[in-house]
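[1] Could you work out the structure for the sequence below:
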Amino acid sequence: MKASRRRFLKTSAIAAGAVAMRPSVWALPSTKNASEAPLSLFGYSEVQLLEGALREQFDHNHDLFLHLDEDALLKPFRQRGGMAAPGPDMGGWYDNSDDFNAKDNFHGFVPGHSFGQYLSGLARAYAVTGSKATQEKVHRLVRAFGETVEPSGKFYAGYHLPAYTYDKTSCGLIDAHEFARCPDALDLHWRATQAVLPYLPEKALSRAEQNARPHKMVADAWDETYTLPENFFLAYQRSGNSRYRDLGIRFIEKEYFDPLAEGQNVLPGEHAYSHVNAFSSAMQSYRMLGDEKYLRAASNGLRMVQEQSYATGGWGPNEAFVEPGKGLLHASLGTTHNSFETPCGAYGHFKVTRYLLRVTRDSRYGDSMERVLYNTIAGATPILADGTSFYYSDYNNSARKVHHGDKWPCCSGTFPQLTADYGISSYYKGRDGVYVNLFIPSRVSWEQNNTRCTLTQSTDYPRANTTQFVFALPRPEGFTVFVRIPAWAGANTTVLVNGRRADAAIEPGRFLALRRTWKDGDRVELELEMPLRLEAVDDQNLDTVALMRGPVALFAVGDIPAHLTRKQLLEAGPVARSSDDWAAQSDSGLLVFRPFASIMSESYRLYQRVEG
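    Sure thing, here's the model as predicted:
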């Protein structure tokens, strides 16, 4: 288990292509000014999650990181800088230690690696909540971290993954400035950048290129320089310092993006999460440089990921992309329990789908986002106070939820960032209105033609197939509400406005445009038909299927019958109105199915073998 974080180097041919989402090449816009996407993000404070499981995840992560010992968080930096370093060790990956062994001991793997992500998560949480204590913690951590940063870059001497950790630090300082109003953060960002530059290569290096160069141990060839452009370009946008723009260009991995832009699948053998994360660098490259090649690279790349995804939307068994068309995703069901690197993978997936949705206004990016949301991260067990974390979703034929074996792994850093982003992933601003992307209990407020508008969404989705939106406005205002109609929605899907069927034609796989003069108290009700369907694990194994209801994969729990038919699975029904469980009648009795978020310690199975 401990060595599996990077085991993809040896197991890059373990799994392959699911048919869970197999879209055609999605249309790309012709954008004269790439920096101006048709859709923009709401501010973190403009969207509030209401009571529900996703709000509970956010609150848990916010509270946990708000109360982490600050001396412990800063200890690796102080130690490596030769400073007094009080406080306890964090443990796991986070400690400054010399006993790391890539084979079987990840203690001290990347000291202080996720400090920047914890800072980012707190800064975003402050922006969501306005918590003064959270803002003050961010400011204290930035000041104290600044005391450890010196031009010599002493911290990175002998460090395994300098780009990997700097990139997270970069994100944290950018967010501390942008969202927590930390006045020192941008100046410190440039100092931190100068400190790491002597330890970075002349350009982005693939894993193969790093392995080909001299290195002391295998971990030294695992760095992720190809993810750097996104934050370099963001730092340029925040600061105006053109040197960041130059650095962003320097680390664009053209050897990766160029073939992707031409439709060549160069994913097999690559580390999954970091290369999906690199798609966000492609999108920032598109935004900064205006070259549509980078937009094509991100769009094609994500499509290729979806073509080798499980029914859950998860991808990368043993953190590896694989060669499609060989039935290897099916093979992974019997060879690994490390099916999807969940918090990290979901975070990267949400980022690139936000970018692409904003540029293309294609609702299927929202479909992809919600599939990953409900079938992976919504079912992740909470991070414990000692750094015990959920890491992999398991899709093995004999699967269970377990914690990762090491404290404070990478997924402990992306989880608080991701949960803080739930709100900004749910709604988008258009020039003529608001786009509703995710169906979660929430409230969004914005100015439309100088009128303060508020939309409150109430729902028990996806357990229920309905959601309701209520408007609050001080005076009537004309604008459009665009509601995502998922591609899987059945023909009986309906939309009511103030109790009357909407005039606009409903087309699954597109946003439904509701244009009218909205008044205070107006109500929109969406009822989605959620027909059951079966999705094969890949084209080579069409009799190994997952049972799907709307965006949700239903996992079999308990004893699995030896014989099942498609008809039996498709006749499954809900066990009770108050339960998430479904049940199908097999020849040997009832087989119970459960969404991932409702699974606790019981064993489960995603894919079933069917006959007929």
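[2] Sort out which residues of stretch 427-437 are buried, please.
    For stretch 427-437, the neighbour count (16 or more other Cβ atoms under 10 Å) marks 427-430, 433-437 as buried. Every residue, glycine included, has its C-beta placed from N, CA and C.
[3] Quickly name whichever of these is closest to residue 325.
    Closest to residue 325 out of those is residue 437 (32.0 Å), distances taken as Cβ to Cβ.
[4] So for the closest residue to the closest one other than its chain neighbours, what pLDDT did the model give?
    The spatial neighbour of residue 437 that comes closest, neighbours along the chain excluded (Cβ to Cβ, 6 or more residues apart in numbering), is residue 366 at 4.4 Å. Residue 366 carries a pLDDT value of 98.
[5] ok, now the one 5 residues further on?
    At residue 371, the predicted lDDT confidence score is 98.
[6] my guess is it meets residue 313, correct?
    Yes. The pair residue 371 / residue 313 is scored as a contact, 3.7 Å apart, by Cβ atoms under 8 Å.
[7] Who are the contact partners of residue 337?
    392, 394, 396, 399-400, 402 (Cβ atoms under 8 Å, 6 or more residues apart in numbering).
[8] quick one: low-confidence ranges for the stretch 1-150 of the chain?
    Low-confidence segments of the stretch 1-150 of the chain (pLDDT under 70): 1-35.
[9] Check the offset of the helix or strand harbouring residue 413 from the chain's centre.
    Secondary structure from DSSP states H and E places residue 413 in helix 411-420. Its chain's C-alpha centre and that of helix 411-420 lie 9 Å apart, by Cα atoms, centre = their mean, to the nearest Å.
[10] coming back round to it: if we take the buried residues of stretch 427-437, which one ends up nearest to residue 476?
    Using Cβ to Cβ, the buried residues of stretch 427-437 come closest to residue 476 at residue 433, 14.4 Å.
[11] any idea of the pLDDT on the closest one?
    For residue 433, pLDDT reads 95.
[12] That one and residue 526: what is the separation?
    Counting by Cβ to Cβ, to the nearest Å, the gap from residue 433 to residue 526 is 16 Å.
[13] ditto for residue 362
    As judged by Cβ to Cβ, residue 362 and residue 526 stand 19 Å apart.
[14] so the residue nearest to residue 437 sits right up against residue 439, yeah?
    No. With contact defined as Cβ under 8 Å, residue 366 does not reach residue 439; the gap is 9.8 Å.
[15] End to end on stretch 480-491, go ahead and measure it.
    End-to-end distance of stretch 480-491 (Cα to Cα, to the nearest Å): 23 Å.
[16] So what's the residue count around the residue nearest to residue 437?
    Neighbour count of residue 366, defined by other Cβ atoms under 10 Å: 25.
[17] What helix or strand is it located in?
    Residue 366 belongs to helix 364-375, assigned by DSSP H and E.
[18] Any buried residues in that helix, and which?
    Across helix 364-375, burial judged by 16+ other Cβ under 10 Å covers 364-375.
[19] quick one: strands adjacent to the following helix or strand past it?
    Beyond helix 364-375 on the C-terminal side, the first helix or strand identified by DSSP H and E is strand 392-393. Each strand paired with strand 392-393, and its direction, by DSSP bridges: strand 340-341 (antiparallel).
[20] how about the nearest residue to residue 375, chain neighbours excluded?
    residue 312 (3.6 Å).
[21] How much space separates the residue nearest to residue 437 from residue 315?
    18 Å.
[22] quick one: the strands in the stretch 51-200 of the chain?
    Assigned by DSSP state E, counting those that start in this stretch, the stretch 51-200 of the chain shows no strands.
[23] re earlier: name the helices or strands packed onto the helix holding residue 366?
    Judged by 3 or more Cβ pairs under 8 Å, 6 or more residues apart in numbering; DSSP states H and E, the packing partners of helix 364-375 are helix 342-360, strand 552-557.
[24] Those into JSON lines, with extra columns for mean neighbour count, distance to residue 282 and mean pLDDT?
    Below are the helices and strands packed on helix 364-375 laid out as JSON lines (neighbours: other Cβ atoms under 10 Å; distance: least, Cβ to Cβ, whole Å; pLDDT from 0 to 100):
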{"stretch": "helix 342-360", "mean neighbour count": "25", "distance to residue 282": "8", "mean pLDDT": "98"}
{"stretch": "strand 552-557", "mean neighbour count": "24", "distance to residue 282": "29", "mean pLDDT": "98"}
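[25] Mind putting these into TSV with distance to residue 236?
    Listed next are the helices and strands packed on helix 364-375 as TSV, based on distance: least, Cβ to Cβ, whole Å:
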stretch	distance to residue 236
helix 342-360	17
strand 552-557	40
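[26] Residue 545 is nearest to which of those?
    Among the helices and strands packed on helix 364-375, the nearest to residue 545 by Cβ to Cβ is strand 552-557 (10.7 Å).
[27] Could you report the neighbour count for residue 363?
    23.
[28] That one and residue 512 touch, don't they?
    No. Shown here, residue 363 and residue 512 do not form a contact pair, counting by Cβ under 8 Å, at 9.0 Å.
[29] list residues touching both of those two?
    By Cβ under 8 Å, 6+ apart, residue 363 and residue 512 have these common neighbours: 484-485.
[30] could the buried residues of stretch 427-437 go into JSON lines alongside secondary structure?
    Output for the buried residues of stretch 427-437, formatted as JSON lines (DSSP: H, G, I helix; E, B strand; the rest coil):
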{"residue": "427", "secondary structure": "strand"}
{"residue": "428", "secondary structure": "strand"}
{"residue": "429", "secondary structure": "strand"}
{"residue": "430", "secondary structure": "strand"}
{"residue": "433", "secondary structure": "strand"}
{"residue": "434", "secondary structure": "strand"}
{"residue": "435", "secondary structure": "strand"}
{"residue": "436", "secondary structure": "strand"}
{"residue": "437", "secondary structure": "coil"}
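[31] Turn those residues into TSV, columns for distance to residue 302.
    TSV is the format used below for the buried residues of stretch 427-437 (distance: Cβ to Cβ, whole Å):
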residue	distance to residue 302
427	21
428	18
429	23
430	22
433	26
434	24
435	19
436	22
437	16
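[32] And the furthest pair within those residues?
    433 and 437 (13.1 Å).
[33] Start from the N-terminal end of the stretch 501-612 of the chain and give the helices.
    566-570 (DSSP state H, counting those that start in this stretch).
[34] any chance you could map the strands in it?
    With strands called from DSSP E, counting those that start in this stretch, the stretch 501-612 of the chain shows them at 510-518, 523-527, 532-536, 544-549, 552-557, 573-574, 582-586, 589-595, 604-605, 608-609.
[35] of those, which approaches residue 105 most closely?
    Nearest of the strands of the stretch 501-612 of the chain (Cβ to Cβ): strand 604-605, 30.3 Å.
[36] Go through the buried residues of stretch 427-437 and name the one nearest residue 163.
    Nearest to residue 163 among these is residue 428, at 31.1 Å by Cβ to Cβ.
[37] Look up the residues forming beta bridges with the closest one.
    Listed by DSSP bridges, the beta-bridge partners for residue 428 are residue 41, residue 435.
[38] Distance of it relative to residue 571?
    Taken as Cβ to Cβ, the span from residue 428 to residue 571 is 38 Å.
[39] now do residue 190
    From residue 190 to residue 571 the distance is 63 Å (Cβ to Cβ).
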